[in-house]
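> missing the sequence, but the structure's below:
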Ligand SMILES: Nc1ncnc2c1ncn2[C@@H]1O[C@H](COP(=O)(O)OP(=O)(O)O)[C@@H](O)[C@H]1O
Ligand SMILES: N[C@@H](CCOP(=O)(O)O)C(=O)O
């Protein structure tokens, strides 16, 4: 095989309580990429459609993660990459992660799959570091593995695949402002009060338990973030209004998707998700902020060949 086309899905990182460790994969939106072998060694980005992003491999996350992989594998060929970007950079649903994961997934397939999913995540973390200034894997892991994932540690990298309750749906609302992950990380405190840490790790533990036991009521009681959201919500206009309108209509939970500005809402059942989507639209409709919304199932497959 000399050429491959792949779909690399958008993802929601943090899931309220699990900053830098929890994430899940979306069905409704993702980037497409075409990667082909070249005689000339190295990585070339030959086409980018959708958004204005750097073509230099060292400045594009897809190139950086691909360079990390070939630096390890030392193949006797090079690769050219085409990126068809549907996920807006800086939107908070893992745009950089989709590119970073996509290139290494595709190259691994073209090389006959020498690496497993955890190793691919490790290469892709080099790309994520370029975008956000930190080697976090909470978008990469759900994109590569599918479903819900927990990054138990980054050094050494250990990823746990969590179950996805079948009636879980997500609605995303994206106010059209850009928040750079690096900037949203820079405003976070370096130390946190013990009482907040206790609340947060209890929520992470109970959310993981709830996913394993299909306990929607416990999911609802676990989707709470007392550490990061209080700092970041001020970056997102009308965040509290969106959250309260989603919760009023019976959502399981609502929080900042990744570093924002997208906001995610989890619901039990597709109809409830649609009802939530209508309700939260009314918040931004009353303002001059442009926005889009969509509702998605949880994607349990992750990145795939198309
Ligand atoms: N292939 C790429 N896809 C998306 N963003 C990229 C890519 N290559 C470099 N970047 C840069 O990464 C930043 C976006 O990443 P980030 O702030 O983490 O947002 P997101 O939440 O959308 O991943 C932008 O500065 C963008 O220019
Ligand atoms: N854990 C990271 C996740 C960033 O997600 P993104 O989709 O905004 O890139 C963080 O919260 O900083």
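Yep, it's here. Note that this is a predicted model, so its numbers are computed, not measured. Ligands and ions are numbered 1, 2, ... in the order given.
> just the strands in the stretch 151-300 of the chain please.
Using DSSP state E, counting those that start in this stretch, the strands of the stretch 151-300 of the chain run over residues 157-162, 168-175, 253-256, 263-268, 291-297.
> make JSON lines from those strands and add distance to ligand 2 to it.
In this view, the C-beta of every residue, glycine as well, is placed from N, C-alpha and C. As requested, the strands of the stretch 151-300 of the chain are exported to JSON lines (distance: least, Cβ to the nearest ligand atom, whole Å):
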{"stretch": "strand 157-162", "distance to ligand 2": "14"}
{"stretch": "strand 168-175", "distance to ligand 2": "11"}
{"stretch": "strand 253-256", "distance to ligand 2": "8"}
{"stretch": "strand 263-268", "distance to ligand 2": "10"}
{"stretch": "strand 291-297", "distance to ligand 2": "15"}
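> the longest helix seen in the chain vs ligand 2: in contact?
Longest helix in the chain, counting residues (DSSP state H): helix 194-213. No. When contact is scored as Cβ under 6 Å from any ligand atom, no part of helix 194-213 falls within range of ligand 2; the minimum is 13.3 Å.
> which residues belonging to that helix are considered buried?
By neighbour count, and taking 16 or more other Cβ atoms under 10 Å as the criterion, the buried residues in helix 194-213 are 200, 203-204, 206-208, 210-211.
> kindly report the same for stretch 52-60.
The neighbour-count criterion (16+ other Cβ under 10 Å) identifies 53, 57, 60 as the buried residues of stretch 52-60.
> okay, the closest residue to ligand 2 within the chain: pLDDT?
Among the residues of the chain, residue 258 lies nearest to ligand 2; the distance is 2.5 Å by Cβ to the nearest ligand atom. At residue 258, the model reports a pLDDT of 97.
> same question, residue 181
What the model reports as pLDDT for residue 181 is 87.
> thinking again about what came up before, mind putting the strands of the stretch 151-300 of the chain into a markdown table with distance to residue 135 and mean neighbour count?
Below are those laid out as a markdown table (distance: least, Cβ to Cβ, whole Å; neighbours: other Cβ atoms under 10 Å):
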| stretch | distance to residue 135 | mean neighbour count |
| --- | --- | --- |
| strand 157-162 | 9 | 16 |
| strand 168-175 | 25 | 23 |
| strand 253-256 | 21 | 24 |
| strand 263-268 | 23 | 26 |
| strand 291-297 | 27 | 18 |
